[in-house]
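Q: got a predicted model here, sequence first, then my questions.
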Amino acid sequence: MGWECIVKHLFVFGLGYTGQRFAGLMAKEGYRISGTSRSNEVCQRLTDDGIDCRLFDGSEPVAASLLDDVTDILLSIPPNVEGDIVYHTMAGELMDRAGQFNWVGYLSTTGVYGDHQGGLVDETTPESPSTERGDKRVLAEAQWQSLCELGGLPVHIFRLAGIYGPGSNQLEKLIAGKAKRRIKPGQVFSRIHVDDLCAILQASIKAPNPGRVYNVCDDEAVPPQDVVTYAARLLNMEPPEEIAFNPDDMTPMGLSFFAESKRVSNERVKTELGYEFQYPTYREGLKALLPSITGNR
């Protein structure tokens, strides 16, 4: 399919934080946007904003007619123990239409690599998850990759680091009094600003390579307490007291992040997609977010 000569329609399964941000970016490119949410409130708000949003919780497929002129699909719904809920309800319909789509993107996680004790991983590193969350993602990736290999669905896998951006960042957590400096020796995380994430997806849509896997993270993995300290400096605040890592004081999601320590290579998105990061580290990302946050105080 030619990039310029067709009417472009993006369907997003899971119009959450990233899905909505990506939808906004692609709307500026002239895309028609539609998709799903499991929330009536979200669907109504997005419909009011001109996005055709339908309720979907995986119990029933979406109406096949909603896909009639779709050219690109983003899959952004967390899996369950049986894998991806879109796969289980829509795989047959999507396979029947495989030739219709230019690009299908599945948002996974770098958690599929497991714990490497601060070592470097890239897309060739074997999957070895150490958490239930990672296990679910490995299963979901395999489900979608099977449709690419067997049925020609143009699936691309994006393994995401921890996402931050407007409305979800350490600056706002500090202002709200919710930021913590948990210390776990040897712990490092990779991160990605949501706008870089969305731009990488956009770059892939413009140069599809079905079956390819991409790590999506910035250039620098650092201990989590360093990000909090830097955010406090930007706000001219005293950082919170350092506290020792305690698994009993963690949410399941937070615990899954602290269960693994690794540095993630982003060379493939740079070399194959030609992507140049807007926010190569958390420093640039937090600095860019600062005016909108301090202006509202």
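A: Received it, and whenever you're ready, just let me know what you need.

Q: could you report the pLDDT at Leu255?
A: Per-residue confidence (pLDDT) for Leu255: 84.

Q: in stretch 63-80, what's buried?
A: 66-67, 70-77, 79 (16 or more other C-beta atoms under 10 Å). (Glycine included, C-beta is placed from N, CA and C.)

Q: and the strand or helix carrying Arg21, what does it pack against?
A: In this assignment (DSSP states H and E), Arg21 forms part of helix 17-28. Helix 17-28 sits against strand 9-13, strand 32-37, strand 72-75, helix 194-206, with contacts defined as 3 or more C-beta pairs under 8 Å, 6 or more residues apart in numbering; DSSP states H and E.

Q: distance to Lys136 and mean pLDDT added to these, as a markdown table?
A: Converted to a markdown table, the helices and strands packed on helix 17-28 look like this (distance: least, C-beta to C-beta, whole Å; pLDDT from 0 to 100):
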| stretch | distance to Lys136 | mean pLDDT |
| --- | --- | --- |
| strand 9-13 | 16 | 98 |
| strand 32-37 | 19 | 98 |
| strand 72-75 | 14 | 98 |
| helix 194-206 | 20 | 98 |
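
Q: of the ones you listed, which stretch is the most buried?
A: Per-stretch averages of neighbours, counted by mean count of other C-beta atoms under 10 Å, single out strand 72-75 among these, with a mean of 26.

Q: contacts for whichever helix or strand comes after it?
A: Following strand 72-75 in sequence order, the next helix or strand is helix 85-96 (DSSP H and E). Here helix 85-96 makes contact (C-beta atoms under 8 Å, 6 or more residues apart in numbering) with 13, 57-62, 64, 67, 73, 75, 77, 79, 82, 101, 104, 140, 143-144, 147, 151, 153.

Q: test my guess that Val42 contacts Ile51.
A: No: the pair Val42 / Ile51 is not scored as a contact, 10.0 Å apart, by C-beta atoms under 8 Å.

Q: which neighbours do these two have in common?
A: Counting by C-beta under 8 Å, 6+ apart, the residues touching both Val42 and Ile51 are Leu15.
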